[in-house]
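Q: I would like the atomic coordinates for the input below:
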Amino acid sequence: MLLNMSLQIDQVSEGYVILLTGLIIVFCALLTLSLFFKFGLPVMLYIYKVITKGKDKKIKDIPIGADEDFTGEIAAVISSAIHLYLNEQHDDENAILTIKQARKLYSPWSSKIYATHHRRL
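A: All right, here's what the predicted structure looks like:
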């Protein structure tokens, strides 16, 4: 009786240890992720911006250049070519659906009658 009682107490305390360990792991992971998104991500974005652009450029500082040779006719030709290309990808198929009923053959191997009823010989 005493051995059985101590065995049950050990199993219960082992369950609490597993529960506590799991909770600590989950909350530490959440804390690490929140600290990374709070502090690490802005630092990484700043480093990326410095590496790729150099100084910060504002939108109003970027000069706007226009191509005088690009007319509305060229835009219409490009848009019609894109339209024709995208419509060409889809095939027009016959929308008639034919369903044929499959003939089911009787098989004693799949019959549930033999498994559910006890036969007396």
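
Q: count of neighbours near residue 42?
A: 10 (other C-beta atoms under 10 Å). To be clear about C-beta, it is placed using only N, CA and C from the backbone, and glycine gets the same treatment.

Q: Ok, residue 79 next?
A: 10.

Q: Could you check how far it is from residue 52?
A: When distance is defined by C-beta to C-beta, to the nearest Å, residue 79 is 32 Å away from residue 52.

Q: low-confidence ranges in this structure?
A: By pLDDT under 70, the low-scoring segments of the chain are 1-9, 54-62, 89-93, 102-121.

Q: State which helix of it is the longest.
A: The longest helix of the chain (DSSP state H) is helix 2-35.

Q: Counting by contacts, list what the helix or strand just after it packs against.
A: Proceeding C-terminally, helix 2-35 gives way to helix 41-53 as the next helix or strand, assigned by DSSP states H and E. The contact analysis (3 or more C-beta pairs under 8 Å, 6 or more residues apart in numbering; DSSP states H and E) places helix 41-53 against no helix or strand.

Q: Give me the next element, helix or strand, following helix 41-53.
A: helix 72-88.

Q: What is that next one packed up against?
A: Against helix 72-88 (3+ C-beta pairs under 8 Å, 6+ apart) you get no helix or strand.

Q: Would you indicate which residues of that helix are buried?
A: Using 16 or more other C-beta atoms under 10 Å as the test for burial, helix 72-88 gives no buried residues.

Q: Dump it to CSV, keeping only the CA atoms.
A: Extracted in CSV, the C-alpha atoms of helix 72-88 (Å, rounded to 0.1, in the frame of the first residue of the first chain):
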residue,chain,number,x,y,z
GLY,A,72,-0.5,55.9,-75.9
GLU,A,73,-0.3,53.7,-79.0
ILE,A,74,2.6,51.8,-77.6
ALA,A,75,0.8,51.3,-74.3
ALA,A,76,-2.3,50.1,-76.2
VAL,A,77,-0.2,47.5,-78.1
ILE,A,78,1.5,46.3,-75.0
SER,A,79,-1.8,46.0,-73.1
SER,A,80,-3.5,44.1,-75.9
ALA,A,81,-0.6,41.7,-76.2
ILE,A,82,-0.8,41.0,-72.5
HIS,A,83,-4.5,40.5,-72.8
LEU,A,84,-4.2,38.1,-75.7
TYR,A,85,-1.4,36.2,-73.9
LEU,A,86,-3.4,35.7,-70.7
ASN,A,87,-6.6,34.6,-72.5
GLU,A,88,-4.6,32.2,-74.6
